[in-house]
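Participant: compute the structure for the input listed below.
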Amino acid sequence: MHYISMALGFSVLVVLGIIVLFLLGIAGWVVGTYNGLVTLRNRFKNAFSQIDVQLKRRYDLIPNLVETAKGYLKHERETLEAVVKARGEALAASQRAASNPAATGAVKDLVGAEATLGGALGRLLAVVEQYPDLKANQNMMQLTEELTSTENKIAFARQAYNDAVMLYNTDREKFPANIIAGMFGFTAAELFEVSGEAERQAPKVSFS
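Facilitator: Coordinates of the predicted model:
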């Protein structure tokens, strides 16, 4: 009888040990999956900060561009005002997105504001082409060169951000990681994508 009790006690300990190991394994998987998602989320947030740097640079250039053009484009007030207004809206949208790129709608709103700004800038530069004296202005030439360079840097930064977002979204959608993502609020990140072919092109500047 004593041996039977010992055997039963040992069996219970084995079962308890297996259960504990199983629970530890589950806990380890949860922690590892959670930390992996945090790492990927931080990676795309950091990638967005590189976009933000370049956007701020462009936002800083635009007032100088408008001020330089203002003296020549006295009959293009509507065009200039459209650029100023679009710049203000894009700046506000970028600040919201920069505070938390993972927030629902933040990047989408920025993409829309950037599309509007890109269109307004494109129209302004098209008007500039019609004014030879303005085209030849040294300050205008320098500003537009810097603007074009900044647009190219934005495109590269956007691609890096989108790559990081795709990696994060893919991992959070995989089973069973999607369970952890749902439990801890890892929502899908938004791509920084332009919607039209015209919007995909940086404003063209040609003073030849």
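
Participant: check contacts around the residue nearest the centre of the chain.
Facilitator: Taking Cα atoms, centre = their mean as the criterion, Phe48 is the residue nearest the geometric centre of the chain, at 4.1 Å. By Cβ atoms under 8 Å, 6 or more residues apart in numbering, the contact list for Phe48 reads 97-98, 101, 107, 161, 192. Yep, even glycine has a C-beta here, placed from its N, CA and C like the rest.

Participant: now do it against Gly28, distance only.
Facilitator: Phe48 is 31 Å from Gly28, where distance means Cβ to Cβ, to the nearest Å.

Participant: equivalent analysis for Thr68, please.
Facilitator: 61 Å.

Participant: run the chain-centre distance for stretch 170-181.
Facilitator: Here stretch 170-181 is found 21 Å from its chain centre; the criterion is Cα atoms, centre = their mean, to the nearest Å.

Participant: sorry, slip of the keys, the one I care about is stretch 126-146.
Facilitator: That offset, for stretch 126-146, works out to 31 Å (Cα atoms, centre = their mean).

Participant: likewise stretch 51-64?
Facilitator: Relative to its parent chain, stretch 51-64 has a centroid offset of 15 Å by Cα atoms, centre = their mean.

Participant: got it, and stretch 67-79?
Facilitator: For stretch 67-79, the distance to the chain centre is 32 Å (Cα atoms, centre = their mean).

Participant: alpha carbons of it, as CSV, please.
Facilitator: Output in CSV follows, covering the C-alpha atoms of stretch 67-79 (Å, rounded to 0.1, in the frame of the first residue of the first chain):
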residue,chain,number,x,y,z
GLU,A,67,8.3,84.7,-50.7
THR,A,68,10.8,84.7,-53.6
ALA,A,69,8.0,84.1,-56.2
LYS,A,70,5.7,86.7,-54.7
GLY,A,71,7.5,89.7,-56.1
TYR,A,72,7.2,88.3,-59.7
LEU,A,73,3.8,86.6,-59.5
LYS,A,74,1.6,89.5,-58.6
HIS,A,75,-1.3,88.1,-60.7
GLU,A,76,-0.9,84.6,-59.3
ARG,A,77,-2.1,85.2,-55.8
GLU,A,78,-4.5,82.3,-55.8
THR,A,79,-1.7,79.9,-56.7
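
Participant: average model confidence for that stretch?
Facilitator: Averaging pLDDT along stretch 67-79 yields 87.

Participant: one more: stretch 162-169?
Facilitator: For stretch 162-169, the per-residue pLDDT averages 95.

Participant: just the CA atoms of that stretch, as CSV, please.
Facilitator: Output in CSV follows, covering the C-alpha atoms of stretch 162-169 (Å, rounded to 0.1, in the frame of the first residue of the first chain):
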residue,chain,number,x,y,z
ASN,A,162,6.9,50.9,-46.2
ASP,A,163,9.3,48.0,-46.1
ALA,A,164,9.3,48.1,-42.3
VAL,A,165,5.5,48.4,-42.2
MET,A,166,5.1,45.4,-44.5
LEU,A,167,7.4,43.3,-42.3
TYR,A,168,5.5,44.3,-39.1
ASN,A,169,2.1,43.8,-40.7
